[in-house]
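**Student:** Could you work out the structure for the sequence below:
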Amino acid sequence: MSRRLVLNADDFGYDPAVTRGILEAMTLGVVSSTTMIVNSPHSLAARVSYGLAIGLHLNLVRFEALTTKRELVEAALPSLTADFVAAETDAQLARLESLIGRKATHIDVHKHAHLHPAVLEGLARTAKVHGLKVRSISPAMRAELRRLGVETNDAFLGDAGTEAYWTLPRFEAQLDALPADGLIELMCHPGYRPSQVQSGYGAQREVELATFVDPRAREALSRRGLRLETWA
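**Tutor:** Next comes the predicted model:
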C-alpha cells in the first residue's frame, strides 16, 4: 500500500474570517483540502472557492438543521436518530453541491459528533449511497466504518484545544513520525480569529495559519519527499 498524505482544514464556511484564512492556507500555503459547514449563516461567503478540494464538514451541533428547521445543539446529540442523521447528511451534501457547483470530496464531522453510534450509523448510510469516504479518528471508528461498507483513512493526526495544535516544530515532528503507508489525514484549523461567530478556537487559528503559509512548511515537506494530496 502506498502512502497518501492529506492536510485538511476544518470549518470552511463557519465564519467569514475563518473562511478567508483557509483560502490563504490553501492558495498561499500547503493545506491541500478543506471541509465546509453549509448550514452556517456565513456559508455563502465560501462560494468563492477557486476550484479547491472541498468536502462536507457535517454539522449537527450548531446553527439550524436543513431538514427540520430546528436549532442544533451539542447537548442533543445522544437523542439524534440514525434516520435523522442520514437525512440531514444528504441535505447538507446537496447544499454543498449547490453552493460550490461540484460534489463533496469526502465527509468529516464537526466536533467529532460521529463518536455517537447513531450519528456514525446514519452518516455511514448516506456516505455509502454517495460513494464518499468518511474521516475516522480512532481504530475503533475505522473498523466500524469499514464494517458498514464505507471507506476511510488509515491514520489520523490533529486536535483543537486551548493551545494551537499545529506549530511549525510540531508539523516537522509529525512528518518524521508518519506511518509508512495508507491514507493519512492531518486535521488542522487555520484561519483568522472569527469575526461573527463566537468560538473557543480563535487566536489558535491564526497560529496554525502562520504555520502553513510559512515557506518552511513547504520546505519541510520537500526535504522529506512528501506530497500533499486530497481525499478525492
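**Student:** show me the contacts for residue 192.
**Tutor:** Residue 192 makes contacts with 17, 18, 20, 21, 205, 206, 209, as judged by CB atoms under 8 Å, 6 or more residues apart in numbering. All C-beta spots, glycine's among them, are computed from the backbone N, C-alpha and C.
**Student:** Just the closest of these to residue 125, please.
**Tutor:** residue 18 (29.5 Å; CB to CB).
**Student:** hang on, isn't the closest one packed against residue 204?
**Tutor:** No. At 11.5 Å, residue 18 does not count as touching residue 204 under the criterion of CB atoms under 8 Å.
**Student:** between those two, who's got more neighbours?
**Tutor:** residue 18 (33 against 21; other CB atoms under 10 Å).
**Student:** mind listing the helices for this structure?
**Tutor:** When secondary structure is read from DSSP state H, the chain shows helices at 16-27, 82-100, 117-130, 139-147, 168-176, 203-213, 215-223.
**Student:** Could you list the low-confidence segments of the protein?
**Tutor:** Scanning the chain for pLDDT under 70 picks out the ranges 1.
**Student:** again, only using 90
**Tutor:** Applying pLDDT under 90 to the chain flags residues 1-2, 44-51, 69, 160-162, 194-202, 232.
**Student:** State which strand of it is the longest.
**Tutor:** Determined from DSSP state E, the single longest strand within the chain is strand 3-12.
**Student:** Just list the residues touching the nearest residue to residue 213 once chain neighbours are set aside, thanks.
**Tutor:** Distance criterion CB to CB, 6 or more residues apart in numbering; nearest residue to residue 213, sequence neighbours excluded, is residue 29 at 3.8 Å. The contact partners of residue 29, by CB under 8 Å, 6+ apart, come to 190, 209, 212, 213, 214, 217, 218.
**Student:** out of the residues you listed, which is most surrounded?
**Tutor:** residue 190 (30 neighbours).
**Student:** List the contacts of that one.
**Tutor:** Contact analysis of residue 190 by CB under 8 Å, 6+ apart lists 9, 21-22, 24-25, 29, 31, 166, 205, 208-209, 211-212.
**Student:** Now for the residues you listed: which two are most distant?
**Tutor:** Spanning the widest gap among the contacts of residue 190 are 24 and 166, at 14.7 Å by CB to CB.
**Student:** Neighbour count: the two, which is higher?
**Tutor:** Between residue 24 and residue 166, counted using other CB under 10 Å, the more crowded position is residue 166 (27 against 17).
**Student:** what about the nearest residue to that one once chain neighbours are set aside, neighbour count?
**Tutor:** The spatial neighbour of residue 166 that comes closest, neighbours along the chain excluded (CB to CB, 6+ apart), is residue 208 at 4.5 Å. Neighbour count for residue 208, taken as other CB under 10 Å: 26.
**Student:** what's the answer for residue 180, then?
**Tutor:** 8.
**Student:** what does residue 168 give?
**Tutor:** Around residue 168 there are 15 residues (other CB under 10 Å).
**Student:** show me the contacts for it.
**Tutor:** Contacts of residue 168 (CB under 8 Å, 6+ apart): 211, 214, 216, 217, 220.
**Student:** Once you drop chain neighbours, what's closest to it?
**Tutor:** residue 211 (5.2 Å).
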